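J.: sequence isn't available, so here's the structure alone:
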């Protein structure tokens, strides 16, 4: 009888341990991290990818350049306020889901940046699109990231027509 009682308690503690450790991920080797801090969204590409594309990335800046229009000043502003950027987005896709880890804070400009395939490619960077809550807005919507929170729905429409503009950044079209 003593053996059965010990087996019962050992089984009970094993059950409690396993059920406490199980997080509901089943056999998936890469469950989404519940402690992820950052942004997630969907990018929809409009138009044809130019052959001159070196790379396309999501970039996050702490500030939005209000009143800066000269390309040299704008590039300096971008370099000073760049917080994070994604890995290169695969070329020629029609849409792309992204995830970008960020420190907690407020970010005024989340954009999709296009880099040309030229030697000084930073001089030719163009904004394909940015995060706007309302597509009719002329200024991107700030994003607030809290500790341990994944901000979902930071969706962006990236328009390749913007590659052919003279001004490197800023919105020209809103909806797909």
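T.: Cool, got the structure. This is a predicted model, so every value here is computed, not measured.
J.: so residue 85 sits against residue 111, correct?
T.: No - the criterion here is Cβ atoms under 8 Å, and residue 85 misses it with residue 111 at 9.8 Å. Bear in mind the C-beta positions are built from the backbone N, C-alpha and C, glycine included.
J.: mutual contacts of the two, please.
T.: Common contact partners of residue 85 and residue 111 (Cβ atoms under 8 Å, 6 or more residues apart in numbering): 58, 59.
J.: who has more neighbours, these two?
T.: A count of neighbours by other Cβ atoms under 10 Å puts residue 111 above the other of residue 85 and residue 111, at 25 against 14.
J.: separation between residue 145 and residue 128?
T.: Shown here: residue 145 relative to residue 128, a distance of 22 Å by Cβ to Cβ, to the nearest Å.
J.: should've said residue 156
T.: To residue 128, residue 156 is 8 Å away according to Cβ to Cβ.
J.: mind listing the shared neighbours of those two?
T.: Common contacts of residue 156 and residue 128 (Cβ under 8 Å, 6+ apart): 111, 112.
J.: can you list the neighbours in contact with stretch 77-92?
T.: Residues from elsewhere that reach stretch 77-92 (Cβ under 8 Å, 6+ apart): 43, 49, 53, 55-63, 65, 68, 96, 98, 100-103, 105, 107, 109, 112-113, 125, 169.
J.: what average pLDDT does it get?
T.: Mean pLDDT, stretch 77-92: 93.
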